[in-house]
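Engineer: Please work out how this folds:
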Amino acid sequence: MRIVEENPALRILINNMKGIALTSEKHKALHKYIETKDEITIFEYEYYYLALASTNIYNEKYEIYKIESNAKGRRYSKK
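Structural biologist: Coordinates of the predicted model:
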């Protein structure tokens with residue numbers, strides 16, 4: 001991430017469980033990094049679950065259509 005590239009002390013802090021002293025500017029950059037990382041994680045989960053929900057809705061509609069088509073004497077197969 002650009003924030004870490006611009007503030008090498010953050011990389012040390014993120015990769016090392018020991019502490020380091022941060023200037024006010026670097027402290028703000030750390031907070032920005034954590035906020036951005038959280039936003040990315042939330043976006044990834046939302047994207048995954050929305051895609052999964054869309055797939056489930058499609059599958060349910062397909063099953064209903066297949067049952068209705070078979071009831072009317074038409075044969076429909078998923079290709």
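Engineer: Check which residues of stretch 49-61 are buried.
Structural biologist: Within stretch 49-61, no residue is scored as buried using 16 or more other CB atoms under 10 Å. Just so you know, the C-beta spots here come from the backbone N, C-alpha and C atoms, and that holds for glycine as well.
Engineer: Could you check how far it is from the centre of its chain?
Structural biologist: Taking CA atoms, centre = their mean, to the nearest Å, one finds stretch 49-61 lying 17 Å from the centre of the chain it belongs to.
Engineer: Quick check: mean pLDDT of that stretch?
Structural biologist: The average pLDDT within stretch 49-61 is 80.
Engineer: Run through the neighbouring helices and strands of the helix or strand containing Ile42.
Structural biologist: Using DSSP states H and E, Ile42 sits in helix 24-71. For helix 24-71, the packing partners by 3 or more CB pairs under 8 Å, 6 or more residues apart in numbering; DSSP states H and E come out as helix 2-6, helix 8-15.
Engineer: Deepest-packed of the ones you listed, please.
Structural biologist: helix 8-15 (a mean of 14; mean count of other CB atoms under 10 Å).
Engineer: Return the list of helices and strands in contact with that helix.
Structural biologist: If contacts are counted by 3+ CB pairs under 8 Å, 6+ apart, helix 8-15 sits against helix 2-6, helix 24-71.
Engineer: what's next to the first one, contact-wise?
Structural biologist: It refers to helix 2-6. The contact list for helix 2-6 (CB atoms under 8 Å, 6 or more residues apart in numbering) reads 10-11, 14, 29, 32-33, 36.
Engineer: one more time with 10 Å
Structural biologist: 10-15, 26, 28-37 (CB atoms under 10 Å, 6 or more residues apart in numbering).
Engineer: can I get the helices and strands packed on helix 24-71 in TSV with mean pLDDT and distance to Asn56?
Structural biologist: What follows is these, written out as TSV (pLDDT from 0 to 100; distance: least, CB to CB, whole Å):
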stretch	mean pLDDT	distance to Asn56
helix 2-6	73	37
helix 8-15	71	37
